[in-house]
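Student: I would like the atomic coordinates for the input below:
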Amino acid sequence: MDIDFKEYQLRCELHGHEDDVRGITICGNGDIATSSRDKTVRLWSQDDRKFTSSKLLVGHTSFVGPLTWIPPNSDLPHGGVASGGMDTLVLVWDLNTGGKFHTLKGHQYQVTGIAFDDGDLVSSSIDCTLKRWRNGQCVETWEPHKSAIQAVIKLPTGELVTGSTDTTLKTWKGKTCLHTFEGHSDTVRGLAVMSDLGILSASHDGSLRLWAVSGEVLLEMVGHTAIVYSVDSHASGLVVSGSEDRFAKIWKDGVCVQSIEHPGCVWDTKFMENGDIVTACSDGVVRIWTMNQDYFADQLELDLYTSQLSQYKSSRKKVGGLKLEELPGLDALKIPGTSDGQTKVVREGDNGVAYAWNMAEQKWDKIGEVVDGPEGSSRPLFDGAQYDYVFDVDIGDGMPIRKLPYNRSDNAYDVADKWLLKEGLPLSFREQVVQFILQNSGQKDITFDASFRDPYTGSNAYVPGQHSRTSDISAKPTFKHIPKKGMLVFDTAQFDGILKKVVEFNNALLSDQEKQKLSLAELDIPRLDAIVKTLKDTSHYHSSKFADSEIALLLKMLSSWPITMIFPVIDIIRMLVLHPEGAVALHKHLESEKDILMEVVKKVTINPTIPANLLTSVRAVTNLFKNSCYYNWLQKHRSEILDAFSSCSSSTNKNLQLSYSTLILNYAVLLIESKDQEGQSQVLSAALEVCLILFFIWV
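Tutor: Predicted coordinates:
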């Protein structure tokens, strides 16, 4: 195939964002707007051959993703930009003043896409809905997919196109679905129009597709080695895509003609009218690439970029198949081993060093430095242990990549169950995780051991891609999980994010004259830092303690701060009660003072509820079951607690459903052990209500 193509070179870098750059839109006047995880939108205007930041648009309270250009009109004579955020808002910005023109509220979860449609805005969301906005008001809402919608665009002919986690694209005329495009094997993440040809899609399955509007696949472009987040096209026929594999790839006639490496994930890619390409990278830098030699960056800038790539790759040095920076530090050796000879690899300076547990002397003996063999020959490590695989799992925007370790000798279902519980994710994802494990470990056609029995039904395992097998009636089921023993807790926390949110709320109180008296004193922030530092140091839970003033500070914030600001405080309490000394110290305060915990439960469950308050509080109460000193309190208030949180069973938030179900499970264990038959009946009633709601959802 004869492909006439000149390579792109770096034109310039745009510095200003303080975190991942997530979205790009090209404005009609040639300016560029970019969004970031730093909660801002920036406008960049051309200054000779380069671009400079001309406006900073501040208003979102969480990371900002999709952007779209709004052409000039009577209300916005200089044009505008609409931005969607993790905060569920769509904000419309006046580019003349840099101020907010409209705040569009209505989505329940993160906004993932925005399209300009003949004066209206159409937005998509993780909440599975599309919303049409006109003059600042929502005039239409519909649910085009049963799964999260990840993108929406408008075709030149007027139809809308949506891409979803359900792996499909759909075209819409009004609320009427004209066509469903099936072919991708994973989430459809990005969409674009290919002039006079059809629709481009980018998918988590690593591929790009060009579809005719009638539904046929015209081209499939395969070359990325990870999730493809974005795609765009140019009038010249070129296509550009951005991926988690750190490359922006340029395609012509279905062939990859250039791969541009970045020092991080490429979240978004857009063509400018002149054919230049803009890329948004996770290192917080916007880059422009050009084929015009007159616009090439000078040699010093090119050398600097080459150096950035080199430093980035060197920081990802691997030891035993795992990135050195991800190995645990020497603090990991403070945690005793569980068996003689158990090995653990830790980071010491620029090296990975192996240790073995000496059971007799109760100490870790140094074995020696771990050296990588040939590329790909070493088994990857996770938390100092070797596995056949350590998968990166992306569970959604705004959330960190999770690590899923797996050995081929493991039962994929057991691994999935343990991982979901550890990560606090809904067990309804079980089959999805199993399929992910099998597909990525090359065991797609695995035949499970016939002796496997579902612990609840006694039937054989479900194997993705095969017909269900009836249970072997002669085989006696093993109910190893029934009756349930022990309590389940939510024991992971993003402490840095929690502290950051507390400081943010405290600054808001300080700036409000009417609420200044509620803000923290100068010494209170260091006290909170001390609490979090103690909670982070899990290896010293047996000896660390909390000062009375630290517990009193948390209770004061719980009782005095505005209802909209207490969820990070509840989250600290959630982790505090998992600390043996912290749980006892908090309990002593509760015995000597009014029952503030029950007051909080009542306060956060009064309509209208705040999702973050509900989630953190139901998890905090669930964690109380970890320590027996709370058993009497939990039994005494069981009716009030279950009634207060009963609305969680019908929530569309799967994390909230899981948290409430775990609360019910812990109550079942406690009330069976205490032989409280009246309480058992109430818990059974709550559990049946959850099952009934789930039944109707699935039906």
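Student: show me where the stretch 201-350 of the chain has helices.
Tutor: Residue ranges of the helices in the stretch 201-350 of the chain, as given by DSSP state H, counting those that start in this stretch, are 299-315.
Student: Next: the chain.
Tutor: Assigned by DSSP state H, the helices in the chain fall at 299-315, 412-423, 430-440, 495-510, 524-536, 548-560, 567-576, 580-592, 596-604, 611-623, 631-636, 638-644, 654-673, 677-698.
Student: Can you name the residues that contact residue 160?
Tutor: By C-beta atoms under 8 Å, 6 or more residues apart in numbering, the contact list for residue 160 reads 115, 117, 122, 130, 152-154, 171-172. Where C-beta positions appear, they are placed from N, C-alpha and C, glycine not excepted.
Student: thinking again about what came up before, relative to residue 81, which of the helices of the chain is closest?
Tutor: helix 495-510 (24.4 Å; C-beta to C-beta).
Student: What angle do helix 548-560 and the closest one make with each other?
Tutor: Orientation of helix 495-510 against helix 548-560 (axes from the mean of the first three to the mean of the last three C-alpha atoms, to 10 degrees) gives an angle of 60 degrees.
Student: Return the set of buried residues in stretch 639-650.
Tutor: 641-642, 644-645, 648-649 (16 or more other C-beta atoms under 10 Å).
Student: Please produce CSV containing those, extended by distance to residue 29 and pLDDT.
Tutor: Compiled in CSV, the buried residues of stretch 639-650 are given as follows (distance: C-beta to C-beta, whole Å; pLDDT from 0 to 100):
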residue, distance to residue 29, pLDDT
641, 57, 85
642, 58, 83
644, 54, 84
645, 52, 84
648, 49, 78
649, 51, 71
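Student: Grab the two from those that are most spread out in space.
Tutor: Pairwise across the buried residues of stretch 639-650, and taking C-beta to C-beta, the largest span is found between 641 and 649, at 13.5 Å.
Student: Same list (the buried residues of stretch 639-650) but as CSV, adding distance to residue 148.
Tutor: Converted to CSV, those look like this (distance: C-beta to C-beta, whole Å):
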residue, distance to residue 148
641, 31
642, 30
644, 29
645, 25
648, 20
649, 21
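Student: quick one: which of those residues is nearest residue 216?
Tutor: Nearest to residue 216 out of the buried residues of stretch 639-650 is residue 649 (C-beta to C-beta; 44.1 Å).
Student: so that closest one sits right up against residue 686, yeah?
Tutor: Yes. With contact defined as C-beta atoms under 8 Å, residue 649 counts as touching residue 686 (7.4 Å).
Student: Grab the nearest non-local neighbour of residue 250.
Tutor: Closest residue to residue 250 apart from its sequence neighbours, by C-beta to C-beta, 6 or more residues apart in numbering: residue 258 at 4.4 Å.
Student: Model confidence for the one you found, exactly?
Tutor: Looking at residue 258, its pLDDT is 93.
Student: Okay, now the unreliable bits of the stretch 501-650 of the chain?
Tutor: Low-confidence segments of the stretch 501-650 of the chain (pLDDT under 70): 539, 591-593.
Student: again, only this time at 80
Tutor: Per-residue confidence for the stretch 501-650 of the chain (pLDDT under 80) gives these ranges: 538-543, 589-595, 607, 647-650.
Student: swap in the stretch 351-500 of the chain?
Tutor: For the stretch 351-500 of the chain, applying pLDDT under 80 flags the ranges 351-354, 366-388, 392-402, 408-411, 414, 421-432, 435-436, 438-486.
Student: residues in contact with the nearest residue to residue 656 once chain neighbours are set aside?
Tutor: Among residues not flanking residue 656 along the chain, residue 648 sits closest, at 5.0 Å (C-beta to C-beta, 6+ apart). Residue 648 sits next to 614, 618, 656-657, 659-660 when contact means C-beta under 8 Å, 6+ apart.
Student: what is the nearest residue to residue 121 once chain neighbours are set aside paired to in the beta sheet?
Tutor: In this structure, residue 121 finds its nearest non-sequential neighbour in residue 133, 4.4 Å apart by C-beta to C-beta, 6+ apart. Beta-bridge pairing for residue 133 (DSSP bridges): residue 121, residue 138.
Student: Would you check how far apart residue 133 and residue 150 are?
Tutor: Residue 133 is 19 Å from residue 150, where distance means C-beta to C-beta, to the nearest Å.
Student: quick one, what contacts residue 256?
Tutor: 221, 223, 249-250.
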